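1. Let me see the structure of the following:
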Amino acid sequence: MCGICGYGLGKDEAAPPLQSMVSLLKHRGPDGQGQLDDGPVAIGMRRLAIIDVDGGDQPIPNEDETVWVVLNGEIYNYQELRRSLLDAGHVFRTDSDTEVLVHLYEDDGHEMFRALRGMYAVCVYDRRDQSLLLGRDPFGEKPLYYYLKGNTIAFASEIRSLLEWDAVPRKLDYEALGYFLRAGLVPSPLTMFAGIQQVEPGTWMLWKGGSVARGRFWVHDYAPSPELQDETDAQEAVAEALRRAVKRQLVSDRPVGAFLSGGIDSSTVVAFCQEARQDPIKTFTVGFEDSGYDESQVARAVAESLQTDHREHRVANAEFQTELFWNIVDHVGLPFGDSSAIPTYMISQMAAQEVTVCLSGDGGDEMFGGYPDFRWGLNVERLGALPRPVLKAGAGLAGMASRIPGLSGSTTIRRAGRALHAAQEDGLAQLVALRSLFDEGEVRALVADPENGIADTPLDRLTTLPVEASRWSSLRKLMYYRTKHVLAEDMLVKIDRMSMACSLEIRAPLLDLDVAKVAMALPDEHLIRGHEQKYMLRQLIRTRLPSEVLTHPKMGFSIPLHRIQNREYRELVDDLLNGQDAVMELFSSNTVETVKRRALERSDDRADASVYRTSHQLWMLMQLAGWARRFGVAA
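-> Below you'll find the predicted structure:
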């Protein structure tokens, strides 16, 4: 696990400050650094040593030093690939997974990525034509940002490293802001910085002499397989793929543990870890004072049943510290609306004191149909068959009912109104509407100048489906949205940045390509059956785990944001939302004040909005203001 960066210069361009860029990635790799300066091209990295601790320093060259590589991540099938490459006559100088990449490149060029099983952001430097090949894993577990200026490119694992180059503008991207406000995320390749982009998951990018070529090596395809129709066969296929994935991901020369939330996904991963190991694995969980958000008792039952070596950290409601907020801003490098970054940072801090690697259950809901969004989205799609005037009238009635004394606390009215609003959208825009913290009307009220286009950002980047989708059911289209956008731009951003802030590597066996290929090919009835979601995963672990895992309600790894609003939190709100920063001047001060007041005064759900929604609307604006201030972003 590492942080990587580098550049390729066009004619007469000044070089970015590589050493400064490398230094800002130290938290991602505290064990060492390396760089190669080769005239107009340079690459560098910071290393968190996991495989071949003593011999795996990077950059690593091929036999004649014409090809060099830096890797952020892990190649889980490197041992199989290494054996094949040795048989083909390649000579290795290390035992690391990284060296496999230079020899694969020699044989296959950019097609090399099709052979990999892992999480990675890679740069291969070919000295023969002074080209840079960038590639990123299929689901976006590892980040890779870049900026093009004329014929020059600079890239880095984190945005603040890239910003060390003075040529990179610190200017707001209005389209990205529109997406952030409506969907709570920014789709690749956009970032919130105008001009800074991401290498999209499952793609490669080749820079050579100032020209750029791109290609895709992985496509999300949810076409069901006839071979998995039989439930017994399907269950065994999932189990076998998961066994292989966990076995590969337990390989490490440093101590390995696992996150254990008490949910189905992390509990499944821990169960398979224990089956593959001779000794108890260390497990880590975070509990909350608010019982509505706390799964620690279930995690404890799982740990006792599987006989893991368990650790637990309990978070008090009033434990918020301003430092936590700025840690998120600094390490994400973008405004991040998901407050579960807070407990993720806490559990990473705890685990990093004892292990260097942790396995997690990330990806289980996306792969196996676990989100409430899926069932809700299917119901809203059916509702959308009603005439638009009927839907509009129904939504209006729900809005009026929410203001009637005696009904103002009704969650049923709120959910009905939300569903009726969403049903007026088409396709995946319904799912965006169901998840949005600010709906279209709220965004228009928030934006001070309607002419700047922020409120008119089309949702095309989120709602466009690939050609393969013509073969998919509605459920599979919803799963595609969550995997391509929410997983990549929210869940995996959170887990990567917060864990690497603590120099901890997180691995996700449920996102192993072998597991993913089987999961994406499961028929709908093996994913959601009646009211039971993640049906196949539940069947798989029914005899392996305590019954509490299967029967307790789904919570997710979220935080009771409305209960951590202590004095320090409120002082931060007042400081950030004073309207004096350039980006915040884009918003109506009256609307911002309304958002602030509702979030700080509301402690329970109402018919007009849940306490989760009001508190997270404020959090989004705080993140936006903090990001703009921290990085000096101009509007």
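2. okay, CA-based contacts and neighbour counts for the rest of this
-> Fine.
3. where along the stretch 151-300 of the chain do the strands fall?
-> Ranges of strands within the stretch 151-300 of the chain are 152-156, 196-198, 203-208, 211-216, 256-259, 282-288, based on DSSP state E, counting those that start in this stretch.
4. What is the neighbour count of His526?
-> Neighbours of His526 under the rule other CA atoms under 10 Å: 24.
5. roughly how far apart are it and Leu510?
-> 16 Å (CA to CA, to the nearest Å).
6. before we move on, back to that, of all the strands of the stretch 151-300 of the chain, which one is nearest Leu104?
-> Closest to Leu104 of these is strand 203-208 (CA to CA; 14.6 Å).
7. what sits up against the closest one?
-> The contact list for strand 203-208, computed with CA atoms under 8 Å, 6 or more residues apart in numbering, reads 8, 110, 129-138, 153, 199, 212-218.
8. Looking at the residue of the chain most remote from its centre now. What's its pLDDT?
-> The centre of the chain is farthest from one residue, Pro405, which by CA atoms, centre = their mean lies 41.2 Å away. In this model, Pro405 is scored at 80, pLDDT.
9. Give the helix, strand or coil label for it.
-> Classification of Pro405 using DSSP: H, G, I helix; E, B strand; the rest coil returns coil.
10. Same question for stretch 433-453: list its buried residues.
-> 433-440, 443-448 (16 or more other CA atoms under 10 Å).
11. Over to stretch 8-20?
-> Quick answer for stretch 8-20 (16+ other CA under 10 Å): 8-10, 15-16, 18-19.
12. hmm, which two among those residues are most spread apart?
-> Gly10 and Gln19 (19.4 Å).
13. which regions of the stretch 401-550 of the chain sit below the pLDDT cut-off?
-> Within the stretch 401-550 of the chain, no stretch has pLDDT under 70.
14. Need the contact partners of stretch 515-528.
-> By CA under 8 Å, 6+ apart, the residues outside stretch 515-528 that reach it are 221-225, 228-229, 231, 234, 237-238, 241-242, 245, 367-370, 475-476, 509-510, 533-536.
15. So among the residues you listed, which ones count as buried?
-> Taking 16+ other CA under 10 Å as the criterion, what is buried in those is 221-224, 228-229, 231, 234, 237-238, 241-242, 245, 367-370, 475-476, 509-510, 533-536.
16. In helices, which of these appear?
-> Per DSSP state H, helices hold the following members of these: 231, 234, 237-238, 241-242, 245, 367-368, 475-476, 535-536.
17. Out of these, the closest to Thr268 would be?
-> Using CA to CA, those come closest to Thr268 at Leu242, 9.4 Å.
18. show me what contacts that closest one?
-> Shown in contact with Leu242 (CA under 8 Å, 6+ apart): 272, 509-510, 514-515.
19. In TSV: those residues, plus distance to Asp173.
-> Below are the contacts of Leu242 laid out as TSV (distance: CA to CA, whole Å):
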residue	distance to Asp173
Phe272	44
Pro509	35
Leu510	34
Asp514	37
Val515	36
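20. pLDDT wise, what is the closest residue to Arg136 other than its chain neighbours at?
-> Take Arg136 and drop its neighbours on the chain: the residue closest to it by CA to CA, 6 or more residues apart in numbering is Ala121, 4.6 Å away. At Ala121, the pLDDT value in this model is 98.
21. ok, Ala121 to Val443 distance?
-> Between Ala121 and Val443 the computed distance is 35 Å (CA to CA).
22. Spatially central residue for the chain, please.
-> The centroid of the chain falls nearest to Leu492 when counting by CA atoms, centre = their mean (2.0 Å).
23. can you tell me how far it sits from Pro466?
-> Distance from Leu492 to Pro466, by CA to CA: 22 Å.
24. Could you list every helix and strand in contact with the lowest-mean-pLDDT helix or strand in the chain?
-> Least confident helix or strand, the chain: helix 547-551 with a mean of 83, by mean pLDDT, DSSP states H and E. When contacts are defined as 3 or more CA pairs under 8 Å, 6 or more residues apart in numbering; DSSP states H and E, helix 547-551 sits against helix 264-276, helix 296-306.
25. Looks like Gly118 contacts Tyr76 (just checking).
-> Yes: at 5.1 Å, Gly118 counts as touching Tyr76 under the criterion of CA atoms under 8 Å.
26. Tell me which of those two has more neighbours.
-> Legend: neighbour count by other CA under 10 Å for Gly118 and Tyr76, higher for Gly118 (27 against 22).
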